[in-house]
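> Sequence and predicted structure are below.
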Amino acid sequence: MRDAHRAEADRLLVRAVEEEVRRAGGRVDGQVLLSRARGGLEEMERTAAEEYAAYTVALDETEAGRPSFGRRYAKEGSGTPLLVAAVAAVAATVADLSLGTGAATALGAGVAAGVVGAAATVVKVAGSHLPAAHHHAGAAGQPGGPEQLRLQWL
């Protein structure tokens with residue numbers, strides 16, 4: 001079992017023990033009950049192995065189909081849009097120099113054009129990434145999705 005999943009199962013055990021102690025009105029020793037539950041965790045893992053396997057497969061498939069922002073940026077934003085931003089920066093600098101503007105001012109205008117172009121690229125990629133991320137998050141809770149399989153395992 002993955003460490004994060006083991007921690008999640010342990011938190012569920014703690015909550016279940018706390019609920020049992022609450023229902024018993026404090027007549028049950030919570031520490032003893034929790035140690036018994038943790039001792040039986042390996043047996044619980046064996047009985048839920050099939051559900052856990054289905055959950056991890058669905059989780060891995062979902063992660064494989066969902067590109068991170070960095071991967072999406074590398075795919076959509078790193079090529080032509082950044083080249084256009086760089087060309088705009090150089091063009092702004094050259095145009096200002098040819099019109100007689102000082103070198104520092106021309107360079108500042110070129111840098112500003114480049115930064116604005118790069119920022120526009122980031123905004124464009126974020127504009128396509130956020131709806132896709134929301135779609136994937138919504139699909140996770142659908143029947144047969146990772147969230148349903150996680151609940152079955154737990």
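Structure's in. What do you need?

> check contacts around Val14.
Leu34 (Cβ atoms under 8 Å, 6 or more residues apart in numbering). C-beta coordinates here come from the backbone N, C-alpha and C atoms, glycine included.

> what distance separates the helix or strand hosting it from the middle of the whole chain?
Using DSSP states H and E, Val14 falls within helix 3-23. Computed by Cα atoms, centre = their mean, to the nearest Å, the chain-centroid distance of helix 3-23 equals 25 Å.

> now could you export just the CA positions of it as CSV?
Only the C-alpha atoms of helix 3-23 are listed here, as CSV (Å, rounded to 0.1, in the frame of the first residue of the first chain):
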residue,chain,number,x,y,z
ASP,A,3,2.3,5.6,2.1
ALA,A,4,-0.3,8.3,1.5
HIS,A,5,-3.0,5.6,1.3
ARG,A,6,-1.8,3.9,4.4
ALA,A,7,-2.0,7.3,6.2
GLU,A,8,-5.5,7.7,4.9
ALA,A,9,-6.5,4.3,6.2
ASP,A,10,-5.0,5.1,9.5
ARG,A,11,-6.9,8.3,9.8
LEU,A,12,-10.1,6.4,9.0
LEU,A,13,-9.3,3.9,11.8
VAL,A,14,-8.7,6.8,14.2
ARG,A,15,-12.1,8.3,13.3
ALA,A,16,-13.8,5.0,13.6
VAL,A,17,-12.3,4.4,17.1
GLU,A,18,-13.2,7.9,18.2
GLU,A,19,-16.8,7.3,17.0
GLU,A,20,-17.0,4.0,18.9
VAL,A,21,-15.7,5.5,22.1
ARG,A,22,-18.2,8.3,21.7
ARG,A,23,-21.1,5.8,21.2
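
> after it, next one along is what?
helix 30-39.

> Alpha carbons of that next one, in PDB - could you do that?
Extracted C-alpha coordinates of helix 30-39, given in PDB (Å, rounded to 0.1, in the frame of the first residue of the first chain):
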ATOM      1  CA  GLY A  30      -9.900   4.200  22.900                       C
ATOM      2  CA  GLN A  31      -6.100   3.600  23.000                       C
ATOM      3  CA  VAL A  32      -6.600  -0.200  23.400                       C
ATOM      4  CA  LEU A  33      -9.200  -0.200  20.700                       C
ATOM      5  CA  LEU A  34      -7.000   1.800  18.300                       C
ATOM      6  CA  SER A  35      -4.000  -0.500  18.900                       C
ATOM      7  CA  ARG A  36      -6.200  -3.500  18.100                       C
ATOM      8  CA  ALA A  37      -7.400  -1.900  15.000                       C
ATOM      9  CA  ARG A  38      -3.900  -1.000  13.900                       C
ATOM     10  CA  GLY A  39      -2.800  -4.500  14.600                       C
END
